[in-house]
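J.: A predicted structure for the sequence below; I have some questions about it.
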Amino acid sequence: MIPNDPRVQVAATCRGLATYGLGSDIGGHVSVRAPGEDAYWINAIDRTFEEMTPDAIVKLDYEGNLLDGDHPVSLGADFHEGIYAHRPDVAAIVHSHGPWITSLCALNRPVKVWHNLSSFFAGECVMSDDDTFEAIAPGLGQRSTILIPYHGAITVSESLARAAALHVTLEYAAELDVRMSSIPDAVPMQEPMVSRVKALVTKAGYLDLTFDLIMRRAADHIEAAGEDWLSREEVRA
Ligand SMILES: [Zn+2]
């Protein structure tokens, strides 16, 4: 289990996501709700996911005021407060411009189920009308995943582990979907198989196992950079 410090948790998640090709450029955010407050912790905009460290994680209130930390935040981060205000069940939000996710967003439709793991998004993925604060939180509704046209995706959950694991899984599902979209005779998975498979991968604990993997990859990335704020031993414990 990683240390119970939101700065470490958010920064480690950014580093883990980077190992999947989800954060080598400026942009993308990971946030966690500050329990009991109208506030959240989020990564700064002046570093990539690959470069993120706990000191670059800041705390904002729902008006965008900086409560803790001294780094600048993305001007596009306001949808976090919108989602936290609309969804009391959501404790974490992940947003990236993953290359396959962004390619899928240009198709202007939710992801199709081409593999067992894509079933996590069946009935849980929606396309936003646009990338505005006003469109995203209402468009998401009670789902876990929203695609932003020509931009990227947002995954949300009651835990950071699930939001991050969903995001990595979405990049994989998006790659399959974009590749398969050019094959005329291909038919995506249909019900009732989708529901049966979704129950199976849920029971198997796939998302929890995926977050454990994200943290191992994060720890390796941090150690390889010569930093010492998270080790493999800590994420294994
Ligand atoms: Zn973005």
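T.: Perfect, I can see it now.

J.: Give the helix, strand or coil label for the residue nearest the centre of the chain.
T.: In the chain, the centroid-proximal residue (Cα atoms, centre = their mean) is Val94; its distance is 2.8 Å. Put simply, Val94 is strand when judged by DSSP: H, G, I helix; E, B strand; the rest coil.

J.: Could I get the pLDDT score of it?
T.: The score at Val94 is 98. That number is its pLDDT.

J.: again with Pro72
T.: In this prediction Pro72 is given a pLDDT of 84.

J.: Is it correct that it is in contact with Asn43?
T.: No - using Cβ atoms under 8 Å, Pro72 is not in contact with Asn43; the gap is 10.9 Å. To be clear about C-beta, it is placed using only N, CA and C from the backbone, and glycine gets the same treatment.

J.: what about Ala161, distance to Val235?
T.: Going from Ala161 to Val235 by Cβ to Cβ, to the nearest Å gives 12 Å.

J.: By mean pLDDT, which helix or strand of this structure comes out lowest?
T.: Least confident helix or strand, the chain: helix 232-236 with a mean of 88, by mean pLDDT, DSSP states H and E.

J.: can you confirm Lys112 is in a helix?
T.: No - using three-state DSSP, the secondary structure at Lys112 is coil, not a helix.

J.: Need the mean per-residue confidence for stretch 44-52.
T.: 94.

J.: This structure: helices as residue ranges?
T.: 6-18, 78-86, 99-105, 133-140, 160-180, 193-203, 206-224, 232-236 (DSSP state H).

J.: Of Ala161 and Val235, which one has the most company?
T.: Applying other Cβ atoms under 10 Å to Ala161 and Val235 shows that Val235 carries more neighbours, namely 23 against 20.

J.: residues in contact with that one?
T.: Contacts for Val235 (Cβ atoms under 8 Å, 6 or more residues apart in numbering) come out as Met1, Ile2, Ala12, Asp212, Met215, Arg216, Ala218, Ala219.
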